[in-house]
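Asks: sequence? don't have it. structure:
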């Protein structure tokens, strides 16, 4: 397997964690450290599986306060 694929996936994952962590205060989630860590680390799974999380993830990334 091409070694660039896992590296690219890792970069996308870490970038998603960073962006969600940075914009967490714009979401509707309870503002606790545990929530912030858990929701930031599980973003790929939750993004696929949960509609509410997708909406909040978009708010965190784009800065929308709708």
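Replies: Now that the structure is in, tell me what you want to look at. Model, not experiment: these values are computed from the prediction.

Asks: Going by C-alpha atoms from here, please, whenever you check contacts or count neighbours.
Replies: OK.

Asks: low-scoring stretches of this protein, by residue?
Replies: Applying pLDDT under 70 to the chain flags residues 1, 63-66.

Asks: what's the single longest helix in it?
Replies: The helix that spans the most residues within the chain, counting by DSSP state H, is helix 4-23.

Asks: Quick check: buried residues in that helix?
Replies: 13, 16, 17, 20, 21, 23 (16 or more other CA atoms under 10 Å).

Asks: next SSE after that helix?
Replies: Later in the chain than helix 4-23, the nearest helix or strand by DSSP states H and E is helix 33-41.

Asks: How about residues contacting the next helix-or-strand element following that next one?
Replies: Next in sequence after helix 33-41, counting helices and strands by DSSP H and E, comes helix 43-49. Residues from elsewhere that reach helix 43-49, judged by CA atoms under 8 Å, 6 or more residues apart in numbering: 13, 16, 17, 39, 53, 54, 57.

Asks: which among these gets closest to residue 27?
Replies: Ranked by distance to residue 27 (CA to CA), the contacts of helix 43-49 are led by residue 57 at 7.4 Å.

Asks: Leaving out the residues flanking it, which one is nearest to that closest one?
Replies: Nearest residue to residue 57, sequence neighbours excluded (CA to CA, 6 or more residues apart in numbering): residue 20, at 6.6 Å.

Asks: I'd like the buried residues of helix 4-23 as TSV, with distance to residue 3 appended.
Replies: Formatted as TSV, the buried residues of helix 4-23 follow (distance: CA to CA, whole Å):
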residue	distance to residue 3
13	16
16	21
17	22
20	26
21	27
23	31
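
Asks: which strands and helices sit next to the longest helix of the chain?
Replies: helix 33-41, helix 43-49, helix 51-62 (3 or more CA pairs under 8 Å, 6 or more residues apart in numbering; DSSP states H and E).

Asks: so the residue nearest to residue 57 touches residue 40, yeah?
Replies: Yes. Counting by CA atoms under 8 Å, residue 40 is a contact partner of residue 20 at 5.9 Å.
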